[in-house]
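# Mind folding the following:
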Amino acid sequence: IRQSVPHGQLPVIIMVTAFGREVLAEVAELPDAPFVDFLTKPVTPQQLVTAVQKALAAPISQQAGTLPQLIDAVLRLQGTRILLVDDNALNRQVATELLRAEGAEVDTAEGGLQGVSMATQQAAAYDVIIMDVQMPDLDGLEATRRIRATAHGRGLPILAMTANASSSDRDDCLGAGMNDHITKPIDIDELVSRLLTLLGRDVKGAPALPSTAKLYPDGLVESLQAIRKRFGHHDDIYRMTLSGFKAESVRLMAELQQHVHNADLMRAGATMHALKGIASTLGAMALARLAAGLEHRAKSELNLAPEALFSNEIVTSLTELIELSNAALAAALPADPAKIAAPHAAERGAITRAQLVIRLLEIQALLRVGNLHAIELTQALLALTSGEDKIAVQGLLDITERLEFGSAEKTIQSMLEGLG
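Coordinates of the predicted model:
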């Protein structure tokens with residue numbers, strides 16, 4: 001196109017691909033990148049509209065390498081050293097992931113006694129402490145009093161974190177020497193705002209979250225209303241996209257571990273970029289934030305050892321967030337009409353060989369053009385088969401839900417040959 005069209009009349013080019021996201025990401029960074037932006041299949045209507053609007057709005061000289069940045073700027077706590085004291089492992093995990101994704105450096109204590117020890121053993125070790133109030137070994141109030149009694153802890157900001165929201169609880173926290181009080185479940189925006197206030201930083205000047213990032217109170221996922229709006233209220237498309245989320249995430253985690261094993265920090269960062277992309281598309285915002293923070297560090301701290309950034313703890317946190325996000329997003333969706341109808345279809349009896357061949361050919365045609373309805377048809381076909389056919393269709397469904405449409409086409413071809 002560049003060779004045949006005069007320079008001043010060059011059209012804007014957006015690449016669409018089902019594979020090779022890392023390769024395209026690397027090409028997009030080049031000064032002479034042949035495209036303005038790229039999208040990975042499946043593409044939602046809103047993603048396509050946004051990409052086209054952005055591409056047409058940017059001057060030609062600025063178009064190369066301008067990839068969508070949904071979360072990269074959200075590092076409101078960059079460099080802040082935080083001690084998180086909470087006896088609940090899940091609370092520590094979620095809060096730590098969200099805070100680190102905001103750029104914070106987080107250490108955790110599993111109870112009040114450990115928290116006091118970590119807070120007082122070294123001067124200026126932390127900028128702020130987030131202290132759970134109700135803990136079995138030593139509650140947050142007494143832990144705060146002990147910290148305040150030391151030279152290191154007298155002026156250290158301490159934010160109370162409790163499930164109780166009454167004024168008397170707030171008064172107890174302030175009376176014990178805490179600076180402020182926040183209630184569970186934690187909203188990351190509110191938490192960041194409180195922390196920035198305690199640290200004397202400009203809250204208004206902090207980068208805001210994307211407008212679509214309306215988080216649930218548990219901070220895991222975007223609201224179903226916001227997701228539906230982004231997907232043009234096509235629940236079927238979103239449901240089909242979500243069906244491949246876990247498999248693709250697991251693939252990316254295996255890819256990450258391979259890059260870490262090879263000491264390839266840049267490629268590990270690129271994998272986090274891919275994970276961030278699918279997570280933000282589907283509304284797994286906590287996962288997207290964590291992946292974004294890891295991507296940022298991988299790209300900016302070039303001397304960092306990959307195994308130090310992607311420690312066993314971090315890899316475990318990513319894996320658990322994938323599981324939690326997938327479950328939360330699936331639970332928020334209304335029941336799938338196709339699955340409700342499936343038992344009734346199955347009651348009508350197994351389909352004939354000829355009907356099976358016709359269904360497989362229909363699915364194969366959809367796969368060839370990258371149509372996501374192939375997943376829905378394969379799910380429906382599974383309910384109509386039995387025995388060896390059911391096992392074969394289940395294998396086909398597994399591949400299709402991973403969006404490996406090329407492999408799925410070959411699988412169908414093999415099945416058709418076997419059916420004669």
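# Just the C-alphas of the longest helix anywhere in the chain, formatted as CSV.
Counting residues, the longest helix in the chain under DSSP state H turns out to be helix 312-332. Written as CSV, here are the backbone C-alpha positions of helix 312-332 (Å, rounded to 0.1, in the frame of the first residue of the first chain):
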residue,chain,number,x,y,z
ASN,A,312,6.9,-17.7,43.2
GLU,A,313,4.7,-15.5,45.3
ILE,A,314,3.9,-13.2,42.4
VAL,A,315,3.2,-16.1,40.0
THR,A,316,0.9,-17.7,42.6
SER,A,317,-0.9,-14.4,43.0
LEU,A,318,-1.4,-14.1,39.2
THR,A,319,-2.7,-17.6,39.0
GLU,A,320,-5.1,-17.2,41.9
LEU,A,321,-6.3,-13.9,40.5
ILE,A,322,-7.1,-15.6,37.2
GLU,A,323,-9.2,-18.2,39.0
LEU,A,324,-11.0,-15.6,41.1
SER,A,325,-11.6,-13.2,38.2
ASN,A,326,-12.9,-15.9,36.0
ALA,A,327,-15.3,-17.2,38.7
ALA,A,328,-16.5,-13.6,39.6
LEU,A,329,-17.1,-12.6,35.9
ALA,A,330,-18.9,-15.9,35.1
ALA,A,331,-21.1,-15.6,38.2
ALA,A,332,-22.2,-12.1,37.3
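# What are the buried residues along that helix?
Within helix 312-332, the residues scored as buried using 16 or more other CB atoms under 10 Å are 314, 317-318, 321-322, 324-326, 328-329, 332. Using the backbone N, CA and C atoms, a C-beta is placed for each residue, glycine as well.
# ok, the residues you listed vs Leu256, which is closest?
Distances from those to Leu256 were compared by CB to CB; the smallest belongs to Leu318, at 7.9 Å.
# Compute the first-to-last residue distance for stretch 230-247.
22 Å (CA to CA, to the nearest Å).
# List of residues touching the longest helix of the chain?
Contacts of helix 312-332 from elsewhere in the structure, counted by CB atoms under 8 Å, 6 or more residues apart in numbering, are 93, 96-97, 216, 218, 220-221, 224, 227, 242, 245-246, 249-250, 253, 256-257, 275, 279, 282-284, 286-287, 290-291, 294.
# tell me the mean pLDDT over that helix?
Mean pLDDT, taken over the full extent of helix 312-332, equals 87.
# Can you give me the distance of Arg92 to Asp132?
According to CB to CB, to the nearest Å, Arg92 stands 9 Å off from Asp132.
# re earlier: can you redo the buried residues of helix 312-332 as TSV with distance to Glu417?
TSV is the format used below for the buried residues of helix 312-332 (distance: CB to CB, whole Å):
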residue	distance to Glu417
Ile314	45
Ser317	45
Leu318	40
Leu321	42
Ile322	36
Leu324	42
Ser325	39
Asn326	35
Ala328	42
Leu329	38
Ala332	41
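# number of nearby residues for Arg81?
The number of residues packed near Arg81 is 14, by other CB atoms under 10 Å.
# what sits against it?
Applying CB under 8 Å, 6+ apart, one finds that Arg81 lies in contact with 104-105, 107, 125-128.
# Also Pro157?
For Pro157, the set of contacting residues under the criterion of CB under 8 Å, 6+ apart consists of 127-129, 179, 198-199.
# mind giving me a markdown table with those residues and columns for secondary structure, neighbour count and distance to His233?
Formatted as a markdown table, the entries for the contacts of Pro157 read as follows, by DSSP: H, G, I helix; E, B strand; the rest coil; neighbours: other CB atoms under 10 Å; distance: CB to CB, whole Å:
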| residue | secondary structure | neighbour count | distance to His233 |
| --- | --- | --- | --- |
| Asp127 | coil | 18 | 44 |
| Val128 | strand | 22 | 42 |
| Ile129 | strand | 27 | 44 |
| Asn179 | coil | 18 | 44 |
| Leu198 | helix | 17 | 41 |
| Leu199 | coil | 13 | 41 |
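# Closest one to Val36 out of the residues you listed, please.
Among those, Leu199 lies closest to Val36 (CB to CB), at 39.0 Å.
# these two touch, right, the closest one and Thr80?
Yes. The pair Leu199 and Thr80 passes the contact test of CB atoms under 8 Å, sitting 6.8 Å apart.
# circling back to that earlier point, pick out whichever of Arg92 and Asp132 has more residues nearby.
More neighbours surround Asp132 than the other of Arg92 and Asp132, with 25 against 18 (other CB under 10 Å).
# And the pLDDT for the more buried one?
On the pLDDT scale, Asp132 is placed at 91.
# Disregarding residues adjacent in the polypeptide, which is nearest to it?
Counting by CB to CB, 6 or more residues apart in numbering, Asp86 is the residue found nearest to Asp132 once chain neighbours are left out, at 4.1 Å.
# Can you pull out the low-pLDDT segments for the stretch 101-250 of the chain?
Flagging of the stretch 101-250 of the chain using pLDDT under 70 yields the residue ranges 163-165, 184-186, 202-219, 232.
# how about the helices of it, start to end?
Listed in chain order, the helices found in the stretch 101-250 of the chain under DSSP state H, counting those that start in this stretch are 112-120, 140-148, 167-175, 188-198, 224-230, 235-243, 245-261.
# coming back round to it: mind checking which of the contacts of helix 312-332 are buried?
Members of these classed as buried by 16+ other CB under 10 Å are 93, 96-97, 216, 220-221, 224, 227, 242, 245-246, 249, 253, 256, 275, 279, 282-284, 286-287, 290-291, 294.
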